[in-house]
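I'll drop the sequence and a predicted model, then ask my questions.
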Amino acid sequence: MFDINDTSYDCRKTWSLICDGRTKGVFQLESQLGRSWAKRLKPRNIEELAALSALLRPGCLKAIVDGKSMTQHYVDRKNGHEETSYLDESLKPILEPTYGVLVYQEQSMRIAQEIAGFNLQQADDLRKAIGKKKAGLMAEVKKTFIRGCENVSIVSKEIAEEIFGWIEKSNRYAFNKSHAVSYAICGYWSAYCKAHFPLHFYCSYLYHSHGKQDQQQEVKELVSDAKMHDIIVMPPKIDNLKSHFNIKDGNIYFGLRDVKYIGDSQVEKVVSGIEEIEKKYNQGIKDISWYRILINLADKVNSNAMLALISIGALNSDYTITRNRMLYEFETWSSLTKKEKDWARENCDDPQGLFPERGNRGLETTLEKLFPTKKEGGGTHNSKRREIVRDLLDLLKNPPYELEDVPDWIATEEHKYLGVSLTYSKIDGCDTGASNTTCKEFLQGKPGKVVLGVEIVSLREWTIKKGNSKGSIMAFLSVEDSTASMDSVIIFPEAWLKNKPLLYAGNTVLLSGKKSSKDTTLIVEKVFQI
């Protein structure tokens, strides 16, 4: 059995996952910000991963020195794009692991010990004084620090004052190293599990998605990320109706409790209802006809639950009948009175299987037998009800609209009830013959000019603040197809002005462009309506 405490911290597969920014679900690095900086920093050990955790704090990101944030200084120095320097050589042993950047509060305390002779209590007082930002207290600590530096005689008074000012400024953003290392270990553990046990990793994170502020968005991102690892997430299925996310036959399935409009009480009714049907017919539920499921389950759960289950394909035991047909028959069945339903269950459900030669026309056959009045050998109460049931039968035989399932409709319904489209994406109903790649292929590094057929999920305009294009509008897009979603899609001002009418959330388009030379960002050049 796997024990996380036995994990090796030099797993190349795990570090590659982190360095590539494939960190959705990885502790402290799952946000777009975390993924982006993980790719830039490319940590290869716990020390560097701990630093990344600290450097992602708002203080570091907003602390600008020489035109760059302290986070960027660390990344550039670590990658050899900037020379590592020290305010004084005496600080090198303390700051060398963080490339001369004061990242941790503990580094400030060590500096005070080394060059000012502070004991641990005095060093901690220094840390607290800076944190409290009290001028009087700071002035007193500074005197003690300068006096200590003079006594130790490692640095001059001028350098001591400069170092103190630097510590004071740096500690506005410096982080606690003990916390950072703990975060790094937890982050590595989660990345290790994702790299080596992706199926269980995603199932676990989906299971606990209810703890997120926006559960629907979390589920959507996890499902999209799972596709990148060839893991399929599916709607609940009639022979696998569990309460929560679960694994079966190498796939992850939604649980009933993860479907909108199905609460705990309805979950119990659905599960017990299915068990009763199996017991009644002495068969597994997949071998039982839709008609029998309909007449035995529909009145045991509320209508919202039935509509949700049918719409997401959870009750499809026979895939020759469409979800739209099932919804239509459920509506027809719901139009009958309780006495008519009881009569149908008693008189139109022979133990050998209902009229097998009639295929999926079980409900039609039932209404044919039902609509005569009881005096005429049927199940309706009077002539008025007979005519109503006859009309229902006519509409069942000749529906006023098509009952086929098209990809766009399935995608919309699954998104409505599950928060994400699983069986199809909206783009699957479009003509994408002109495309030459998918989102997944692009993210995996497909080179050259690309044309993608996608749905625009969201769009954010941005006003350029510097350079020759200052004041111009550009945009950042999030798009998706059935293979994956992409957050890094950019359209610059000239292309934005030409294509703006086509760029809005929910639209399906062809995006023509190329990959950025720096990362996996798509630079859009042309947009076509599909």
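Nice, thanks for sending it over.

tell me where the stretch 351-500 of the chain has helices.
Assigned by DSSP state H, counting those that start in this stretch, the stretch 351-500 of the chain shows helices spanning 362-370, 383-397, 407-418, 439-443, 493-499.

elements contacting the longest one?
Contacting helix 383-397 under the criterion 3 or more CB pairs under 8 Å, 6 or more residues apart in numbering; DSSP states H and E are the following elements: helix 323-334, helix 362-370. In this view, the C-beta of every residue, glycine as well, is placed from N, C-alpha and C.

also the third one?
With contacts taken as 3+ CB pairs under 8 Å, 6+ apart, helix 407-418 sits against helix 303-311, helix 323-334.

in a markdown table: the helices of the stretch 351-500 of the chain, plus mean neighbour count and mean pLDDT.
As requested, these are exported to a markdown table (neighbours: other CB atoms under 10 Å; pLDDT from 0 to 100):
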| stretch | mean neighbour count | mean pLDDT |
| --- | --- | --- |
| helix 362-370 | 22 | 91 |
| helix 383-397 | 16 | 95 |
| helix 407-418 | 20 | 94 |
| helix 439-443 | 20 | 92 |
| helix 493-499 | 16 | 94 |
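
wait, which of those is closest to Asn171?
Of all the helices of the stretch 351-500 of the chain, it is helix 439-443 that lies closest to Asn171, at 39.6 Å by CB to CB.

quick one, phi psi at Glu346?
phi -80, psi -30 (degrees, to the nearest 10).

roughly how far apart are it and Leu367?
Between Glu346 and Leu367 the computed distance is 15 Å (CB to CB, to the nearest Å).

and for Lys470?
Going from Lys470 to Leu367 by CB to CB gives 71 Å.

picking that back up, right, and the helices and strands packed on helix 407-418 - which one's nearest Pro235?
Here helix 303-311 is closest among the helices and strands packed on helix 407-418 (CB to CB), at 9.2 Å.

packing partners of the closest one?
Secondary-structure packing of helix 303-311 (3+ CB pairs under 8 Å, 6+ apart): helix 264-281, helix 323-334, helix 407-418.

and that helix, C-alpha only, in PDB?
Below are the C-alpha coordinates for helix 303-311, written out as PDB (Å, rounded to 0.1, in the frame of the first residue of the first chain):
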ATOM      1  CA  SER A 303     -39.900  15.800 -11.000                       C
ATOM      2  CA  ASN A 304     -36.800  18.000 -10.800                       C
ATOM      3  CA  ALA A 305     -34.700  15.000 -10.000                       C
ATOM      4  CA  MET A 306     -36.200  12.900 -12.800                       C
ATOM      5  CA  LEU A 307     -35.600  15.700 -15.300                       C
ATOM      6  CA  ALA A 308     -32.000  16.100 -14.200                       C
ATOM      7  CA  LEU A 309     -31.300  12.300 -14.400                       C
ATOM      8  CA  ILE A 310     -32.800  12.000 -17.800                       C
ATOM      9  CA  SER A 311     -31.200  15.100 -19.200                       C
END
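
you'd agree Ile523 is up against Phe492?
Yes: between Ile523 and Phe492 there is a contact under CB atoms under 8 Å: 7.2 Å.

this structure: strands as residue ranges?
64-65, 68-69, 233-234, 246-248, 251-253, 450-463, 473-480, 485-491, 508-515, 522-529 (DSSP state E).

any chance of those in JSON lines, with mean neighbour count, mean pLDDT and distance to Tyr417 too?
As requested, the strands of the chain are exported to JSON lines (neighbours: other CB atoms under 10 Å; pLDDT from 0 to 100; distance: least, CB to CB, whole Å):
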{"stretch": "strand 64-65", "mean neighbour count": "12", "mean pLDDT": "80", "distance to Tyr417": "47"}
{"stretch": "strand 68-69", "mean neighbour count": "16", "mean pLDDT": "87", "distance to Tyr417": "43"}
{"stretch": "strand 233-234", "mean neighbour count": "19", "mean pLDDT": "96", "distance to Tyr417": "14"}
{"stretch": "strand 246-248", "mean neighbour count": "15", "mean pLDDT": "96", "distance to Tyr417": "18"}
{"stretch": "strand 251-253", "mean neighbour count": "21", "mean pLDDT": "97", "distance to Tyr417": "14"}
{"stretch": "strand 450-463", "mean neighbour count": "18", "mean pLDDT": "93", "distance to Tyr417": "18"}
{"stretch": "strand 473-480", "mean neighbour count": "19", "mean pLDDT": "93", "distance to Tyr417": "18"}
{"stretch": "strand 485-491", "mean neighbour count": "21", "mean pLDDT": "90", "distance to Tyr417": "19"}
{"stretch": "strand 508-515", "mean neighbour count": "21", "mean pLDDT": "94", "distance to Tyr417": "21"}
{"stretch": "strand 522-529", "mean neighbour count": "17", "mean pLDDT": "94", "distance to Tyr417": "29"}
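
nearest to Ala50 among the ones you listed would be which one?
Closest to Ala50 of the strands of the chain is strand 68-69 (CB to CB; 18.2 Å).

any low-confidence regions in this protein?
Filtered on pLDDT under 70, the chain yields the residue ranges 133-134, 318-319, 350-360.

before we move on, the earlier item: so which of the helices and strands packed on helix 407-418 is the most packed in?
Most buried of the helices and strands packed on helix 407-418, by mean neighbour count (mean count of other CB atoms under 10 Å): helix 303-311, with a mean of 21.

show me what that one is in contact with.
Helix 303-311 is touched from outside by 236, 259-262, 266, 269-270, 297-298, 314-315, 323, 326-327, 330, 334, 413-414, 416-417, with contacts defined as CB atoms under 8 Å, 6 or more residues apart in numbering.

let me see the contact set for Ala123.
Shown in contact with Ala123 (CB under 8 Å, 6+ apart): 108-110, 112-113.

please apply the same query to Met326.
So Met326 contacts 290, 294, 310, 315-316 (CB under 8 Å, 6+ apart).

distance to Leu393 for those residues - can I get that in CSV?
Listed next are those as CSV, based on distance: CB to CB, whole Å:
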residue, distance to Leu393
Trp290, 18
Leu294, 16
Ile310, 21
Leu315, 23
Asn316, 24
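
gap between the residue lying closest to Arg44 once chain neighbours are set aside and Val270?
Distance criterion CB to CB, 6 or more residues apart in numbering; nearest residue to Arg44, sequence neighbours excluded, is Trp15 at 5.4 Å. Per CB to CB, Trp15 is found 44 Å from Val270.

give the contact list for Phe160.
Small correction: residue 160 is Ala, not Phe. With CB under 8 Å, 6+ apart, Ala160 has these contacts: 115-116, 145-146, 149-150.

how much space between it and Phe201?
Going from Ala160 to Phe201 by CB to CB gives 51 Å.

distance of the residue nearest to Ile232 when sequence neighbours are not counted from Gly419?
Distance criterion CB to CB, 6+ apart; nearest residue to Ile232, sequence neighbours excluded, is Asn251 at 4.7 Å. Distance, Asn251 to Gly419, by CB to CB: 18 Å.

same question, Thr508
20 Å.

go on, Ser472?
Distance, Ser472 to Gly419, by CB to CB: 36 Å.

more neighbours: the two, which one.
When neighbours are counted by other CB atoms under 10 Å, Ser472 and Gly419 differ, and Gly419 comes out ahead with 20 against 15.

number of nearby residues for the residue nearest to that one when sequence neighbours are not counted?
If the residues on either side of it in the chain are set aside, Gly419 comes closest to Gln216, at 3.7 Å by CB to CB, 6+ apart. Per other CB under 10 Å, the neighbour tally for Gln216 reads 14.

likewise Leu120?
A count of nearby residues for Leu120, using other CB under 10 Å, gives 10.
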